[in-house]
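1. sequence first, predicted coordinates after that:
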Amino acid sequence: IQRPRVPAQIRGDFARVSLTAATVWASVALCLSIVPSYAGDLLDTQNLALLGSIAAITLATSGAMQVAAQRRRPHLRRAQAAGLAVLAAGLVALASAAALHSLAVLLAGSIAVGAGHGVAFMTAQDELNRIAPPEHRGEVTAAFIGCIYPLVGGAVIGSGLLDERFSLTASVGIVAIGLAAT
């Protein structure tokens, strides 16, 4: 058994791609776990097909963008930056949807989060695979995955804890803007 470990020569790049991956996965986790309830409040509906489709749109967009990016083979760092910018715009849209009382803004935000996730995560994973020494790839990948989960859990649990103190609208807004700032 080997422990997760990152060789010293790649730690700077590893930190960057890990933060990218953690941020985009935390954003998608927010869309999958909390945003359907947020959308239910926004739209005053309990229609599970509609609420589930909002989460599904995020994942479908992510998958489509990963396929498109894989075919185009973009410059990895520029594509990560572009994906993060699109993701941030999507998070701002999600946070704004309640104030605007707009399903269109909510859907645009979900699509942008999915698009940003797809491009940024795929290129971060590709870059990780390129920088990891072959003899340490398993250890580096384990460390990478280990870096993702704390932010994913923090975003979802944090939004739930904020909802206990404030409202669901405020908690989604706070977490979404916090992730966009990351």
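-> Done, it's in.

2. now for the helix or strand containing S110, which elements pack on it?
-> Assignment of secondary structure by DSSP states H and E places S110 within helix 103-131. Using 3 or more C-beta pairs under 8 Å, 6 or more residues apart in numbering; DSSP states H and E as the contact test, the elements touching helix 103-131 are helix 11-33, helix 35-43, helix 48-72, helix 76-100, helix 137-165. To be clear about C-beta, it is placed using only N, CA and C from the backbone, and glycine gets the same treatment.

3. between the ones you listed, which one is closest to G118.
-> Closest approach to G118 among the helices and strands packed on helix 103-131 is made by helix 48-72 (3.0 Å; C-beta to C-beta).

4. what distance separates that closest one from the centre of its chain?
-> Put simply, helix 48-72 sits 12 Å off its chain's centre (C-alpha atoms, centre = their mean, to the nearest Å).

5. over to stretch 17-28?
-> Relative to the mean C-alpha coordinate of its chain, stretch 17-28 is positioned 5 Å out (C-alpha atoms, centre = their mean).

6. just the CA trace of that stretch, in CSV.
-> Extracted C-alpha coordinates of stretch 17-28, given in CSV (Å, rounded to 0.1, in the frame of the first residue of the first chain):
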residue,chain,number,x,y,z
VAL,A,17,-4.7,21.7,-10.9
SER,A,18,-6.0,20.4,-7.6
LEU,A,19,-7.6,23.7,-6.7
THR,A,20,-9.2,23.9,-10.2
ALA,A,21,-10.6,20.4,-9.8
ALA,A,22,-11.8,21.0,-6.2
THR,A,23,-13.5,24.2,-7.2
VAL,A,24,-15.3,22.8,-10.3
TRP,A,25,-16.4,19.7,-8.5
ALA,A,26,-17.7,21.7,-5.5
SER,A,27,-19.7,23.8,-7.9
VAL,A,28,-21.2,20.8,-9.6
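
7. distance of L87 from V172?
-> From L87 over to V172 the distance is 15 Å, taken as C-beta to C-beta, to the nearest Å.

8. what residues does the residue positioned nearest the centre of the chain make contact with?
-> Centroid check for the chain by C-alpha atoms, centre = their mean gives V24 as the closest residue, at 2.3 Å. The contact partners of V24, by C-beta atoms under 8 Å, 6 or more residues apart in numbering, come to 83-84, 87, 116-117, 120-121, 124.

9. so can I have TSV of those showing pLDDT?
-> As requested, the contacts of V24 are exported to TSV (pLDDT from 0 to 100):
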residue	pLDDT
G83	97
L84	97
L87	98
G116	98
H117	98
A120	97
F121	96
A124	96
